[in-house]
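Asker: my questions concern the predicted model and sequence given below.
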Amino acid sequence: MKIAFYKATRPGLQGIFNVLVRWWTRGPYSHCELILEEYPDGTVLCGSASHLDGGVRLKRMALNPERWDVLTTSLGNPETALGWFKQHQGAGYDHLGLLGFLARPVTGKQRRWFCSEAVGAAIGLVEPWRFCPNTLAVLCK
């Protein structure tokens, strides 16, 4: 399976968030997407959780290599992961859980997800809330 890691910076407040996540988690990435299917036109079907998209979702995307690094992992099963995203699609974004990276005693809501938590759950990680995009990338390497 492949996971795409976002290394670019968006404009405005979103860019500030990108920079803060990378700084706080001490790595080059601020978001991740699980690649579930690749199409002949170069686009991919991704699963993740995004504040901008309202939570857990599947989305067809073109991943510009200037903005994304794609890493391969032996973890997970494509059919199981796609099933996880279909089952959880529409679940909210876990803003509170994301704060757990700032203050570990803060816990999120069980029915909400942040990006690396959703990807981690879909590939079968135990306690996926412990993973930020950067720790997930290290696990892939």
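Answerer: Everything's here; your move.
Asker: what's the helix or strand of the chain with the lowest mean pLDDT packed up against?
Answerer: Least confident element among the helices and strands of the chain, by mean pLDDT, DSSP states H and E: helix 95-98 (a mean of 75). Using 3 or more C-beta pairs under 8 Å, 6 or more residues apart in numbering; DSSP states H and E, no helix or strand is in contact with helix 95-98. Where C-beta positions appear, they are placed from N, C-alpha and C, glycine not excepted.
Asker: make residue 1 into 51 and carry on from there
Answerer: Shifting the count to begin at 51 puts that one at helix 145-148.
Asker: give me the mean pLDDT for the very next helix or strand once past that helix.
Answerer: Moving toward the C-terminus from helix 145-148, the first helix or strand encountered (DSSP states H and E) is helix 165-172. Mean pLDDT, helix 165-172: 97.
Asker: beyond helix 165-172, next helix or strand please.
Answerer: Defined by DSSP H and E, the subsequent element after helix 165-172 is helix 183-190.
Asker: which outside residues touch that following helix?
Answerer: By C-beta atoms under 8 Å, 6 or more residues apart in numbering, the list of residues contacting helix 183-190 from outside reads 53, 55-56, 71-72, 75-82, 119, 121-123, 125, 165-166, 169-170, 181.
Asker: can you tell me the SS state at the residue of the chain most remote from its centre?
Answerer: For the chain, the residue at maximal distance from the C-alpha centroid (C-alpha atoms, centre = their mean) is Pro90, at 23.5 Å. Local secondary structure at Pro90 is given as coil here, using DSSP: H, G, I helix; E, B strand; the rest coil.
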